[in-house]
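Enquirer: no sequence on this one, just coordinates:
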């Protein structure tokens, strides 16, 4: 069990925490679900490999972050032992009325360490192992589907870009042809005007010399 949180059920005050604290906020939020679900187990999947199990033990709410490979029954047994250890080492009045945490309690930490080592070697439930494998495969398939969709969207975007470029190229080609025609027409007009001027000059020269 990687993380354990023990809280007073009445006001959700955290009495003891054991572990790395990376999911402590989720463990704490699970306490409210313990109040709602009374004596039922509350189970929350954290990721493909871990889940949070929380339950009520008399005046306590105990939440545990555990691997999914362990059966619910195994985790329930672990919680029962945690409850016995805590109530054995901590005075009942301190637990009920004191607003101090017991995380630094050396005996409690040592007891938790022993329980952690004991349940690290617990037998893996074959059905849970199969379920875990199926969950991993499902996540992999979902990731692959998402990648395919993203690639398809990228291809669609590329196709749209290609179509736009083709339209731009077609428009440019049309404009080029139009410009060529205008230039040819202008050149023709210049040649005609030039020819007319030359003809007029020649006519004028002939008339002058004829006189």
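Expert: Received the coordinates, thanks. This one's a predicted model, so the numbers in the text were calculated from it and none came from an experiment. Numbering: from 1, shown residues only.
Enquirer: going forward, measure contacts and count neighbours with C-alpha atoms only.
Expert: Noted.
Enquirer: once you drop chain neighbours, what's closest to residue 51?
Expert: residue 45 (4.3 Å; CA to CA, 6 or more residues apart in numbering).
Enquirer: that neighbour is in contact with residue 54, isn't it?
Expert: No: assessed by CA atoms under 8 Å, residue 45 is found out of contact with residue 54, at 11.8 Å.
Enquirer: tell me the confidence at residue 39?
Expert: Listed pLDDT for residue 39 reads 61.
Enquirer: report the beta-bridge partners for residue 4.
Expert: The partner list for residue 4 in beta bridges (DSSP bridges) reads residue 18, residue 64.
Enquirer: distance check, it against residue 62.
Expert: Between residue 4 and residue 62 the computed distance is 7 Å (CA to CA, to the nearest Å).
Enquirer: ok, residue 30 next?
Expert: Counting by CA to CA, the gap from residue 30 to residue 62 is 9 Å.
Enquirer: any low-confidence regions in the protein?
Expert: For the chain, applying pLDDT under 70 flags the ranges 1, 21-24, 34-39, 121-137, 139, 211.
Enquirer: now do the helices in it.
Expert: 24-37, 72-89, 92-97, 106-120, 126-210 (DSSP state H).
Enquirer: got the angle for the longest one vs helix 72-89?
Expert: Spelled out, that is helix 126-210. 110 degrees (axes from the mean of the first three to the mean of the last three CA atoms, to 10 degrees).
Enquirer: for burial, what's the neighbour tally of residue 62?
Expert: Using other CA atoms under 10 Å, the number of residues around residue 62 comes to 28.
Enquirer: deepest-packed of the helices of the chain, please.
Expert: helix 24-37 (a mean of 18; mean count of other CA atoms under 10 Å).
Enquirer: residue 62 against residue 5, yeah?
Expert: Yes: at 5.8 Å, residue 62 and residue 5 qualify as touching, with contact defined as CA under 8 Å.
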